[in-house]
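> return a 3D structure for these sequence lines:
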Amino acid sequence: MPHPRTEDTRAAVRTDDTRPAANPGNVRPAPADETRSAGRPENAGPARADRARPGADAGGSRPAHTEEARPAVRSEAARPVVQRASVRGQIVDALRTALVAGELAPGEVYSAPALGERFGVSATPVREAMQQLALEGAVEVVPNRGFRVIERGTRELAELAEIRGLIEVPVMLRLARTVPAARWAELRPLAEATVRAASSGCRATYAESDRSFHRAVLALAGNAQLVRIADDLHRRAQWPLVGGPVSRGRADLVADAAEHTALLDALIAEDLTVVQALVREHFTGAP
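Numbers count the residues shown, from 1 in each chain. Prediction:
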């Protein structure tokens, strides 16, 4: 029977025999820290470097998504601002159309929540849009209730027509003497668009095409401030009157559009006498 110490010795010898294979060339054994990280991939680097790396957590690991998440947060924060501005602009246009079409009656009070439900949006963009219309003079704020559509009479309409005539008539007469016929011919599609819009009988559609034609004519003067002020006056002149008809009849719209094409024909023909008569008549019966 073998001696017990002989078995222990053999086990020790077997253990010692395996050391050269694990450490060929009698390489110095790795320190304790390296021994603990022996299970890490070869390209992972020492655990001590991981702990010293900025942003690492208490366990030495570093979140891989930290720096990538920051730009995404900034992008998401900026996106609603663009959306709110876009919605507000759409609501402003929709309210202007409703005003011209007579869907928002003069003297009536409308709340932002009720209009928001009508347009399928929250009350916030509606309030912002109504504030814009208040600056334009279309509505006025009614505390704790909403916004009241301004009541206008025939006198205010006549005053607007007079101001528009004082601004636009001299400019058009000057342009009639200086702008070549070919340049006027380029505006033919806009004049024809007013005729089609008038034939539809929709006052809101005609109002937009009417202003587009006038803007294009005045733009030939090269004065952006002139175009902006004249267009604002033109828009105000298109709002319905209190106690008046909801909208001009189709025949009235068609007659107004016909003046555009007749004016363009006279400008192309360089007939200044006809141009002057048409321009003054057009603003006398404006919008």
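> going by C-alpha atoms from here, please, whenever you check contacts or count neighbours.
Noted.
> so which residues of the stretch 101-250 of the chain form strands?
Remark: strands assigned in the stretch 101-250 of the chain by DSSP state E, counting those that start in this stretch are 109-110, 139-142, 146-149.
> dump those to JSON lines, plus distance to Val195.
What follows is the strands of the stretch 101-250 of the chain, written out as JSON lines (distance: least, Cα to Cα, whole Å):
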{"stretch": "strand 109-110", "distance to Val195": "33"}
{"stretch": "strand 139-142", "distance to Val195": "30"}
{"stretch": "strand 146-149", "distance to Val195": "29"}
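> quick one: low-confidence ranges for the stretch 51-200 of the chain?
For the stretch 51-200 of the chain, residues meeting the criterion pLDDT under 70 lie at 51-85.
> out of the strands of the stretch 101-250 of the chain, which is the most enclosed?
Mean neighbour count, computed with mean count of other Cα atoms under 10 Å, is highest for strand 146-149 among the strands of the stretch 101-250 of the chain, reaching a mean of 21.
> now Thr284, nearest residue through space, not along the chain?
Of all residues not flanking Thr284 in the chain, Ala161 sits nearest, at 6.6 Å (Cα to Cα, 6 or more residues apart in numbering).
> what count of nearby residues applies to that neighbour?
By the criterion of other Cα atoms under 10 Å, Ala161 has 20 neighbours.
> where's it relative to His260, distance?
Distance, Ala161 to His260, using Cα to Cα, to the nearest Å: 17 Å.
> and Ile150, by the same measure?
30 Å.
> ok, Leu190 touching Ser212?
Yes. Shown here, Leu190 and Ser212 form a contact pair, counting by Cα atoms under 8 Å, at 7.3 Å.
> what sits up against the helix or strand encompassing Ala251?
Assigned by DSSP states H and E, Ala251 belongs to helix 250-269. Residues from elsewhere that reach helix 250-269 (Cα atoms under 8 Å, 6 or more residues apart in numbering): 176, 180-182, 184-185, 187-188, 191-192, 194-195, 198-203, 206, 210, 272, 274-275, 278-279, 282.
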